[in-house]
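S.K.: just need the structure, nothing else, for what follows:
(2 chains)
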Amino acid sequence: MRTLRQTIGSEWAKLWSVRSTWWCLACASALMVLTAVTLGGATATEALRDGGTGVRVVASEPVVSATTFVQFALVALAMLTITSEYASGGIRVTLQATPRRGILLAAKALVVAPVMVAAGVLTGAVATAAVYALLSLDVFGGLVVAPAGQVVPDLLGVGVFFALVSVLTLGVGTAVRSAAGTLTVVFMLLLGLPLMLLMTGSQAAVAAALRMPAFAGLAFMGSTDNVTAGPMPYSAGEGLVWLLAWTATAVVAGHAVLRRRDA
Amino acid sequence: MGGVISLKSLSKRYGDRLAVDDLSLEVRPGTVTGFLGPNGAGKSTTMRLVLGLDRPTSGTALVGGVPYARLRDPLRTVGALLDARAAHPGRSGRAHLTALARSNGIARRRVDEVLETVGMAGAARRRAGALSLGMSQRLGIAAALLGDPEVLMFDEPVNGLDPDGVRWVRGLMRSLAAEGRTVFVSSHLMSEMQLTADHLVVIGKGRLIMDAPLADVLAGSSLTAVLVRTPHAGDLAERLRAAGIAVRRLGENELEATGAPIERIGDLAHEAGIRLHGLRTREASLEQAYQELTSGSVEYGAGV
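M.R.: Have a look, this model is predicted:
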């Protein structure tokens, strides 16, 4: 327990002592606000064009949709916590300090996850405020609302989603070791494969695609706005279960490789 | 057991290449043990096995009687420098050491102390990627010293250091050993090892070739010879040959005898009543002794 606590302290210090962390967080914040505002504007415009009166846009909804894009800035951050160690050879120094490899991986996950929850909630809150400000303009006829009962769970959901996708990335990065390989695998898992499956149009393929991490995440966050243009075929709770299952699989794979392979 | 590195039948295979082959040895405290061998002989692999970075194919490597991975706060027991460039290029030297210190519950002031010790307090805020090889080497040594460990391992520590730096590392190794610590240092610079090490471990193709005090290695070399000056060189040469000692005539009055200590040469001359004008030992350099030892086990020969 003491070793884990010390290793968490060390990983925390490592995370904040490189510029790439700040860059990734800055990118994620900018991307979050821009994407959410764009999506919010589009949704509102569409609603007005369809002539719907009494249509309401919840300010945090476009933020949830924006995670599909924003996640990649945070994936990069999570990835670097492990792939930069292999790229520089620093992993051998790290493992000298913490030879119990399971503890090292756990410490990295326990540092990354809360940072990502915070990043999700904070950037999400700023983006929600930006969407609210934009859609409060007279042209949109005041169709935006921001009920705390929906905004707060949405933002927490975004934070938890980012945390789980990041830990998934950490697991993949630990198994794959190289940045290029990790990005490829994670991109395929999050976007490439599910889109390919959706394009086949076959019912089984679509069902599988919707249970992959990114869509499971959207379901978990209660998004109604997805590529299939229909409601998710399963509950938010089930979305969380799928997301956890993918994350756990990646971490188990990473742990297995980390324990067995020479550093 | 404190501070002893002990290898028992240690082997490591990578694919079909046996990098370390049934290596057994003990590295003891209080001395500088030089670890020599041609490139690819398995020196770095052996060090990685001791540190638990690579898994042995068979055999064990223990530090103070336990496997490295079982040490609590291992940096407080073993400090090692394997690769000077093994630090995130974007992190400052100071931040690198601070993170290491936290991982092993080492007081933060030690970071400043070791930075001072290695003479890079002024460059502590520079990013590791911007350091010269010599400065990186110093940072790596600082990391090894961080936990004030009783066992130190250095893989080619003087690489990239200027002459002042080389002398400083030599002094550091000597003083660490004098404090009773175990110092295990690999190098391919024989002249440097001759000045630094008390004890030598020589391996070739992963196998132990020699494990002996430096003095014995030098004395055992065929290039260590006794030079004799005498007006009766011919007579003495005959006497020595009759006693089974190899003799070479260097000049009118000079002989070179190999394979016998200086006392025996002097005694033989005395028994024969031959006057001597000079009698001295010419020691082989470690370079020469090493060449003899490893000539059969160079991994990548130059191909004459």
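
S.K.: rest of the way, CA atoms for contacts and neighbours
M.R.: Will do.

S.K.: please list all residues in contact with the spatially most central residue of chain A.
M.R.: In chain A, the residue lying closest to the centroid (C-alpha atoms, centre = their mean) is A:Phe162, at 2.9 Å. By C-alpha atoms under 8 Å, 6 or more residues apart in numbering or on different chains, the residues touching A:Phe162 are A:71, A:74, A:113, A:116-117, A:120.

S.K.: would you mind listing what in the stretch 51-200 of chain A touches chain B?
M.R.: Contacts of the stretch 51-200 of chain A with chain B, taken as C-alpha under 8 Å from any C-alpha of the partner chain, map to A:84-85, A:88-100.

S.K.: let me see the contact set for the residue of the stretch 101-250 of chain B found nearest chain A.
M.R.: Taking C-alpha to the nearest C-alpha, chain A has its nearest neighbour within the stretch 101-250 of chain B at B:Ser103, 4.6 Å off. Residues counted as contacts of B:Ser103 (C-alpha under 8 Å, 6+ apart) are A:3, A:6-10, A:97-98, B:73.

S.K.: the longest helix along chain B - contacts with which helices or strands?
M.R.: Criterion DSSP state H: the longest helix present in chain B is helix B:163-178. If you count contacts as 3 or more C-alpha pairs under 8 Å, 6 or more residues apart in numbering or on different chains; DSSP states H and E, helix B:163-178 packs onto strand B:32-36, strand B:182-186, helix B:190-196.

S.K.: compute the inter-axis angle for it and strand B:32-36.
M.R.: Computed with axes from the mean of the first three to the mean of the last three C-alpha atoms, to 10 degrees, the direction of helix B:163-178 lies at 120 degrees from that of strand B:32-36.

S.K.: low pLDDT regions in the stretch 151-263 of chain A?
M.R.: A:224-231 (pLDDT under 70).

S.K.: can you map out the strands along it?
M.R.: Taking DSSP state E, counting those that start in this stretch as the test, none of the stretch 151-263 of chain A falls into strands.

S.K.: who are the packing partners of the helix or strand harbouring A:Leu134?
M.R.: Using DSSP states H and E, the element containing A:Leu134 is helix A:101-135. For helix A:101-135, the packing partners by 3+ C-alpha pairs under 8 Å, 6+ apart come out as helix A:2-16, helix A:19-49, helix A:61-88, strand A:144-145, helix A:148-176, helix A:236-260.

S.K.: I'd say B:Pro38 and B:Gly204 touch.
M.R.: Yes. Under the criterion of C-alpha atoms under 8 Å, B:Pro38 makes contact with B:Gly204 at 6.5 Å.

S.K.: more neighbours, the two?
M.R.: Neighbours of B:Pro38 and B:Gly204, each counted by other C-alpha atoms under 10 Å in any protein chain shown, are more numerous for B:Gly204; the result is 26 against 22.

S.K.: bridging residues for that one?
M.R.: Beta-bridge partners for B:Gly204, by DSSP bridges, are B:Arg207.

S.K.: what sits against B:Thr230?
M.R.: Shown in contact with B:Thr230 (C-alpha under 8 Å, 6+ apart): B:253-254, B:274-278.

S.K.: can you tell me which of the residues you listed lies closest to B:Val166?
M.R.: Nearest to B:Val166 among the contacts of B:Thr230: B:Gly278, at 36.7 Å, using C-alpha to C-alpha.

S.K.: mind checking how far that closest one is from chain A?
M.R.: B:Gly278 sits at a distance of 56 Å from chain A (criterion: C-alpha to the nearest C-alpha, to the nearest Å).

S.K.: sorry, back to before: tell me the spacing between the residue of the stretch 101-250 of chain B closest to chain A and B:Leu75.
M.R.: 9 Å (C-alpha to C-alpha, to the nearest Å).

S.K.: what's the answer for B:Ala41, then?
M.R.: Noted for B:Ala41: a distance of 27 Å to B:Leu75, by C-alpha to C-alpha.

S.K.: ok, B:Val226 next?
M.R.: Distance from B:Val226 to B:Leu75, by C-alpha to C-alpha: 47 Å.

S.K.: this completes my enquiry, with thanks.
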